[in-house]
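**Student:** give the three-dimensional model of this entry:
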Amino acid sequence: METTIANEYKLTQYSHGAGCGCKISPALLDRILHSTATVTPPDPRLLVGNDKRDDAAVLDLGNGTALISTTDFFMPIVDDAFDFGRIASANAISDVYAMGGKPVLAIAILGWPIDKLPPEVAGRVLEGARAICAEAGITLAGGHSIDCPEPVFGLAVNGIVSLPNLKQNATATEGCRLYLTKALGVGVLSTAQKRGLLQPEDAAIALRSMTSLNKTGALLGGLECVKALTDVTGFGLLGHLSEMCAGSGLAAVIEYDKVPVIGSVSRYLDQGCIPGGTNRNWASYGMKIGPVTERQKQILADPQTSGGLLVAVSPEGAAAFEQLMREQGYDLQAIGHLEAQQDDAPLIRVV
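**Tutor:** Alright, predicted model coming up:
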């Protein structure tokens, strides 16, 4: 009965944004973080904090391991409540995997318009969250909820990592090959869904991508050849790569034809299904990017929700990395590389 009630409501009609496309733009976020800079002495145990622009905070526990702590939440990116819970949860847990760690515990963050959507629908969201947490091998152990004008859901997640296995987004080295574990384009497909244009087969592709856990990140933590790691979410590939470049003091070259893209994306772009987040992203970091076509911009700056891992691998380790990933079910090829920054040259070139 509760499932039937939940299926009567299309969640994307109750929010102004969708998924990680709801994120505040990188430029505005810079202003917010600058205005809240702390003057208190830093905690020497804090290995990764707000200044790192990484996926999660990391605290040294003093016993050879570290605590990974993160949170992520957003408004519905799909109509189905159960699937919304799954996507939001996979997205939040990904931050732990992106640090090379293993998730151990999650708590829920729920904002619900109680005057518009019945509690049974929220219950289905939580059921979806529990399903993904179970797949990740962790417990959804409580949380907090508020009455909110629009539906919002996500998780706060803790993880554990051995100190030698900790991966960061700002530790890449010159010559590293770049790999991406999921195809781009879910932002475009989500916009098509909101406009009633998305075909069922493409909705299934997007859902499968967004609910796939980035479990391989815990495995990558143990690889010496993996020099830097992050996940690609609301800032798009170019946004998260620019953070990797800036933090590592390097520049990047992207080979556009090698970037994995969901096959139907161009058709929806031709119909004008461009997320608002794409243009906000480009306005924030487009000045750092070399010349691109309009279509390249639409894809490379497309805000991803529960996107793939962006991996920087040393040249000498690339062949072994690709073989290991094939054994894990990934067929990857390098989409570019990192090089020394040059005066007056763009941070990222697309060729």
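**Student:** mind checking the SS state of the closest residue to residue 46 other than its chain neighbours?
**Tutor:** Of all residues not flanking residue 46 in the chain, residue 59 sits nearest, at 5.9 Å (CB to CB, 6 or more residues apart in numbering). (Each C-beta comes from the backbone N, C-alpha and C, glycine too.) With DSSP: H, G, I helix; E, B strand; the rest coil as the basis, the three-state label of residue 59 is strand.
**Student:** please report how far residue 59 lies from residue 320.
**Tutor:** 31 Å (CB to CB, to the nearest Å).
**Student:** what of residue 135?
**Tutor:** Relative to residue 320, residue 135 is positioned 28 Å away (CB to CB).
**Student:** neighbour-wise, which of these two wins?
**Tutor:** Neighbour comparison, residue 135 and residue 320: the larger count goes to residue 135, with 16 against 13 (by other CB atoms under 10 Å).
**Student:** wait, that one touches residue 212, no?
**Tutor:** No: taking CB atoms under 8 Å as the definition, residue 135 is not a contact partner of residue 212, at 9.7 Å.
**Student:** domain assignment for this protein?
**Tutor:** Domain segmentation of the chain under automatic domain parsing yields 2-165, 177-350.
**Student:** out of the ones you listed, which gets nearest to residue 171?
**Tutor:** Nearest of the domains of the chain to residue 171, taken as CB to CB: domain 177-350 at 4.9 Å.
**Student:** low pLDDT regions in this protein?
**Tutor:** 1-7, 16-41, 52 (pLDDT under 70).
**Student:** roughly how far apart are the one residue sitting closest to the centre of it and residue 174?
**Tutor:** With distances taken as CA atoms, centre = their mean, residue 233 lies nearest the centre of the chain, 2.9 Å away. Separation of residue 233 from residue 174 (CB to CB) stands at 26 Å.
**Student:** what's the answer for residue 294, then?
**Tutor:** 31 Å.
**Student:** neighbour-wise, which of those two wins?
**Tutor:** Shown here are residue 294 and residue 174; by other CB under 10 Å, residue 174 has more neighbours (16 against 8).
**Student:** give me every residue that touches the more buried one.
**Tutor:** Neighbour list for residue 174: 250, 338-340 [criterion: CB atoms under 8 Å, 6 or more residues apart in numbering].
**Student:** let's see it at 6 Å
**Tutor:** By CB atoms under 6 Å, 6 or more residues apart in numbering, residue 174 lies in contact with residue 340.
**Student:** do the same with residue 296
**Tutor:** Residue 296 makes contact with 256, 350, according to CB under 6 Å, 6+ apart.
**Student:** quick check: it is in a helix.
**Tutor:** Yes: counting by three-state DSSP, residue 296 is found in a helix.
**Student:** from residue 251, how far out is it?
**Tutor:** 17 Å.
**Student:** just residue 330 next, same as before
**Tutor:** Distance from residue 330 to residue 251, by CB to CB: 26 Å.
**Student:** so these two - more neighbours on which side?
**Tutor:** When neighbours are counted by other CB under 10 Å, residue 330 and residue 251 differ, and residue 251 comes out ahead with 22 against 15.
**Student:** what sits closest to that one if chain neighbours are left out?
**Tutor:** residue 341 (4.6 Å).
**Student:** burial check on the one you found, number of neighbours?
**Tutor:** The burial count for residue 341: 16, using other CB under 10 Å.
**Student:** re earlier: wait, the residue nearest to the centre of the chain touches residue 307, no?
**Tutor:** Yes: at 5.3 Å, residue 233 counts as touching residue 307 under the criterion of CB atoms under 6 Å.
**Student:** any idea where the strands of the chain begin and end?
**Tutor:** Along the chain, counting by DSSP state E, strands occupy 46-48, 57-60, 65-74, 102-112, 139-147, 152-162, 177-180, 226-231, 250-254, 309-313, 336-340, 348-350.
**Student:** how far does the first one sit from its chain's centre?
**Tutor:** Yep, that's strand 46-48 we're talking about. Distance of strand 46-48 from its chain centroid, counting by CA atoms, centre = their mean, to the nearest Å, is 20 Å.
**Student:** same thing with the third one?
**Tutor:** Its chain's average C-alpha position is 13 Å from that of strand 65-74, according to CA atoms, centre = their mean.
**Student:** relative to strand 102-112, how tilted is that strand?
**Tutor:** Interaxial angle of strand 65-74 relative to strand 102-112 (axes from the mean of the first three to the mean of the last three CA atoms, to 10 degrees): 30 degrees.
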